[in-house]
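Participant: Okay, sequence plus prediction incoming.
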Amino acid sequence: MLSVRLPEELEEKLNILSEQEGTTKTDIVKEALRNYIEEKEKQTHPYELGEDLFGKHGSGKGDLSTTYKQKVRSKINEKTSN
C-alpha cells in the first residue's frame with residue numbers, strides 16, 4: 001500500500017478529472033504511474049545510443065591507451081635532446 005501527499009492544486013485537478021472521467025482518483029494515479037514507468041523503460045541509455053558508433057572510426061591501433069606513456073616520454077626526450 002502506498003500513500004502519497006499531493007499539492008493542493010494537483011489534488012484539485014485530480015478531483016476534477018476523476019469526476020469528468022467517471023473513475024476513481026486511484027485508477028487515474030495507477031494509469032499515470034503505469035504510463036510513466038513504461039516510458040522510462042523505453043528510454044535508451046546514452047551508451048546504447050552510440051553503441052554502434054564506438055570503435056567504428058578508430059585508428060586501428062589497439063595499444064594506444066597502453067603505450068601513451070612511452071610515446072609521451074619519447075616526445076619529451078626528443079625535445080630536450082635538441
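Facilitator: All right, it came through fine.
Participant: what's the host helix or strand of Val29 packed up against?
Facilitator: Here Val29, judged by DSSP states H and E, is contained in helix 25-42. Judged by 3 or more C-beta pairs under 8 Å, 6 or more residues apart in numbering; DSSP states H and E, the packing partners of helix 25-42 are helix 8-21. The way it works is simple: take the backbone N, C-alpha and C, and place the C-beta from them, glycine included.
Participant: Okay, angle between the helix it packs on and helix 25-42 too, please.
Facilitator: 100 degrees (axes from the mean of the first three to the mean of the last three C-alpha atoms, to 10 degrees).
Participant: What lies in contact with helix 8-21?
Facilitator: By C-beta atoms under 8 Å, 6 or more residues apart in numbering, the residues outside helix 8-21 that reach it are Leu6, Thr24, Lys25, Ile28, Val29.
Participant: export those residues to a markdown table and tack on neighbour count and distance to His45?
Facilitator: Below are those laid out as a markdown table (neighbours: other C-beta atoms under 10 Å; distance: C-beta to C-beta, whole Å):
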| residue | neighbour count | distance to His45 |
| --- | --- | --- |
| Leu6 | 12 | 31 |
| Thr24 | 10 | 35 |
| Lys25 | 15 | 34 |
| Ile28 | 15 | 30 |
| Val29 | 15 | 27 |
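Participant: Distance to Ile16 added to the residues you listed, as JSON lines?
Facilitator: Shown next, in JSON lines, are the contacts of helix 8-21 (distance: C-beta to C-beta, whole Å):
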{"residue": "Leu6", "distance to Ile16": "13"}
{"residue": "Thr24", "distance to Ile16": "14"}
{"residue": "Lys25", "distance to Ile16": "10"}
{"residue": "Ile28", "distance to Ile16": "11"}
{"residue": "Val29", "distance to Ile16": "14"}
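Participant: sorry, back to before: for the helix holding Val29, which positions count as buried?
Facilitator: For helix 25-42, a neighbour-count test (16 or more other C-beta atoms under 10 Å) marks nothing as buried.
Participant: and that helix, how far from the chain's centre?
Facilitator: Taking C-alpha atoms, centre = their mean, to the nearest Å, the mean C-alpha location of helix 25-42 is offset from the chain mean by 19 Å.
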